[in-house]
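>>> just need the structure, nothing else, for what follows:
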Amino acid sequence: MHISEGILNTPTLVAGWMVSAPLCAYALYSIPQKQIPKIALLSAVFFLGSFIHIPFGPTSFHLILSGLIGALGGGYAILSIAVALVFQALLFGFGGLGVLGVNIFVLSAPSVLVWYFLKSKITTLKNYQLFLGGALPTFFSLVLLSLILLVNHIKLEYGVMAIFLYNLPLIVIEGLICVFAIRFILSYTPKAL
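So this is what the prediction gives:
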């Protein structure tokens, strides 16, 4: 779900940086030192999860795991996603540095917002609620991505429709992964949450 360089116009790129940079700076400024190893681990999870490509029809999609990262990282999930996106852009050319602000916002804002409401009662959530905690961030990221592409003054309607439809199974997969991962963590190390 990365937006590549050369697709977005300059005002959209500037707006992405104007929103993402202060959020990342605030999270970096306020992060407790004991949270840094967990955020680094979540960056690695995001980085590696996006390398798992699942073929679907004429294309493939990759895991994002933003719901799981939001559940484990809380408000600092933006840092783990930002670090992973920087490394992906620098090492493999996924996305790009210019569009990094938009990609950070699209992938991290939904996970932080969804888990802001769910985090306080994570130990009492039922499986369907955990499923929604994993699926909704991916769905909202997909909606944000689609809206950004549609309002960008480029004729991408059919491409956006294809991206949206091909990523719908990803929403279900992300929800299931979130349920199993959080149940596993709660049964063995509940203090990690």
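>>> list the helices and strands the host helix or strand of L23 packs on?
For L23, the element it lies in under DSSP states H and E is helix 10-30. In terms of contacts (3 or more CB pairs under 8 Å, 6 or more residues apart in numbering; DSSP states H and E), helix 10-30 is packed against helix 77-92, helix 100-118. Quick note: C-beta positions are derived from backbone N, CA and C, even for glycine.
>>> what's the closest of the ones you listed to L41?
helix 77-92 (8.1 Å; CB to CB).
>>> residues making contact with the closest one?
2, 20, 23-24, 27-28, 31, 39-40, 42-47, 50, 66, 69-70, 73, 94-97, 100, 103-104, 107-109, 111-112, 115 (CB atoms under 8 Å, 6 or more residues apart in numbering).
>>> sorry, back to before: show me how far the helix holding L23 is from its chain's centre.
Distance of helix 10-30 from the chain centroid (CA atoms, centre = their mean, to the nearest Å) equals 15 Å.
>>> if we can go back for a sec, buried subset of the contacts of helix 77-92?
Neighbour-count burial (16 or more other CB atoms under 10 Å) applied to the contacts of helix 77-92 gives 2, 20, 23-24, 27, 31, 39, 42-43, 45-47, 50, 66, 69-70, 73, 94-96, 100, 103-104, 107-109, 111-112, 115.
>>> do you know how far L142 is from K155?
20 Å (CB to CB, to the nearest Å).
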